[in-house]
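S.K.: Next one to model:
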Amino acid sequence: MRARFAAVHDCFHDLFASGRETGAALAVRYDGQPVVDLVGGSTRPAGGGTHPADEPRRAGGDVSQADTLVNVYSVGKPVAALCLLLLVDRGRLDLDDPVVRHWPQFRTPATVRQVLAHTAGLPVFPVPRPAPALGDWALLTGDLAAAEPEWEPGTVAGEHALTYGHLVGELVRRVDGRTVGRFLAEEIAGPWRLDLAFGLEPADQRRCADLSYGVPDWPVTTLGVPGSLRERALGNPVGCLDLAVLNSPLWRGAEIPAVNLHATATGLARLYDGLLAGGALDGVRLFAADLVAEATRVQYDGPDLLLASRTRWTLGMQYEEDGSWGMGGIGGSCAWADPVRGYTLAYTTSRLAGFDRVEALVDALHSCF
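M.R.: Alright, predicted model coming up:
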């Protein structure tokens, strides 16, 4: 099997040899079986410079390992969505329920489906907040409940860059009683043996790779034009692109489900393998096949006001022209399923840069088919 996918191995190693990568992992499952599982680089890249000196480090030093956790930004959005979708599958709520039915303080006339498909009109936290607010769930969900939508729900999409996880997660909490992080751990990650989480305990925080910038101006270019929807959405609360925040216990220990899933590539590839199989993994069924079909169906196809491009949204994922569905995160991490070719792939990187690295790996992978 390694010989068949030799081009992928070579491409992965070339990323490090050329300096384009400093810490990453790649996992590919084909026809339900793991065929590529690679890891390389360091968890403390040179020039990161923001890891607390007095924080304990894991045994084994700074070499990236198979169980190194990486903050994968928006790759976590579908994971948060799946928590809510599992409750839909169990009949605890309906996709077309008004959010207010389950969250009485919620003012925006959006449905559960619209929240999941990024058309609810709440892509921005409405009240300017400092970085410590990232750890205050009640404060931020209260802000969203009282907010006026930026557009009529259901009329257009705009990725809910930071707000998505709080909208979805508060619905999970209101319906089930557990936080989205605890629900994920107990109802999905545990049964499917997935190494990924929202809100890490100290022991797991020691497994995290420190993020670093691929280029010094990465946070500035990522925010976009001052005053734009993108800048307003990504810039509040402050700190979501700041290494001093991203590599801190505050960030790693909080539940910020839109952007702070910490995961291994293997865990993400296994998750998508379960979805690709219709909701069952290793003999454990979590989702009904018709729920998975609805969750991966295009719900919105049109302009996305934040991404400034045509986007096809499913219930939590992006749907691509080749029939694949999944999500990428700013910084370069990605995870998706390709039903046409029959594989799932996850790439986690601690070097915040573009998607050219995973694109090169995908070209190599497709050449193997």
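S.K.: Please count neighbours and contacts with C-alpha atoms only from this point.
M.R.: Will do.
S.K.: and Gly41, what are its phi and psi?
M.R.: Main-chain torsions, Gly41, degrees, to the nearest 10: phi 90, psi -160.
S.K.: you'd agree it is up against Thr22?
M.R.: Yes: contact criterion C-alpha atoms under 8 Å: Gly41 and Thr22 qualify, at 5.1 Å.
S.K.: out of those two, which sits in the busier spot?
M.R.: Counting neighbours by other C-alpha atoms under 10 Å for Gly41 and for Thr22 shows that Thr22 has the greater number, 22 against 19.
S.K.: Looks like the more buried one contacts Ser42 (just checking).
M.R.: Yes: using C-alpha under 8 Å, Thr22 is in contact with Ser42, at 6.3 Å.
S.K.: count of neighbours near Glu170?
M.R.: 23.
S.K.: Now do the same contact list for Pro130.
M.R.: 236-239 (C-alpha atoms under 8 Å, 6 or more residues apart in numbering).
S.K.: again, only this time at 7 Å
M.R.: Counting by C-alpha atoms under 7 Å, 6 or more residues apart in numbering, Pro130 touches 237-238.
S.K.: what are the ranges of the helices in the stretch 1-150 of the chain?
M.R.: Ranges of helices in the stretch 1-150 of the chain, per DSSP state H, counting those that start in this stretch, are 6-17, 77-89, 112-116, 137-146.
S.K.: Which one of the ones you listed lies nearest to Arg357?
M.R.: helix 6-17 (7.2 Å; C-alpha to C-alpha).
S.K.: Which residues does the closest one contact?
M.R.: Under C-alpha under 7 Å, 6+ apart, the answer for helix 6-17 is 21-22, 361, 364-365.
S.K.: ok, back up a step: reformat the helices of the stretch 1-150 of the chain into a markdown table and put mean pLDDT, mean neighbour count and distance to Ser228 next to each item.
M.R.: Formatted as a markdown table, the helices of the stretch 1-150 of the chain follow (pLDDT from 0 to 100; neighbours: other C-alpha atoms under 10 Å; distance: least, C-alpha to C-alpha, whole Å):
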| stretch | mean pLDDT | mean neighbour count | distance to Ser228 |
| --- | --- | --- | --- |
| helix 6-17 | 97 | 17 | 33 |
| helix 77-89 | 98 | 24 | 22 |
| helix 112-116 | 98 | 26 | 21 |
| helix 137-146 | 98 | 17 | 19 |
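S.K.: Nearest to Ala289 among the contacts of helix 6-17?
M.R.: Leu365 (27.7 Å).
S.K.: Quick check on that closest one: phi, psi?
M.R.: phi -60, psi -50.
S.K.: sec struct for Arg312, please.
M.R.: strand (DSSP: H, G, I helix; E, B strand; the rest coil).
S.K.: if I look at Pro216, how far off is Leu243?
M.R.: Distance, Pro216 to Leu243, using C-alpha to C-alpha, to the nearest Å: 11 Å.
S.K.: what's around the closest residue to Pro226 other than its chain neighbours, how many residues?
M.R.: For Pro226, ignoring the flanking residues on the chain, the nearest one in space by C-alpha to C-alpha, 6 or more residues apart in numbering is Arg232 at 8.0 Å. By other C-alpha under 10 Å, 21 other residues sit near Arg232.
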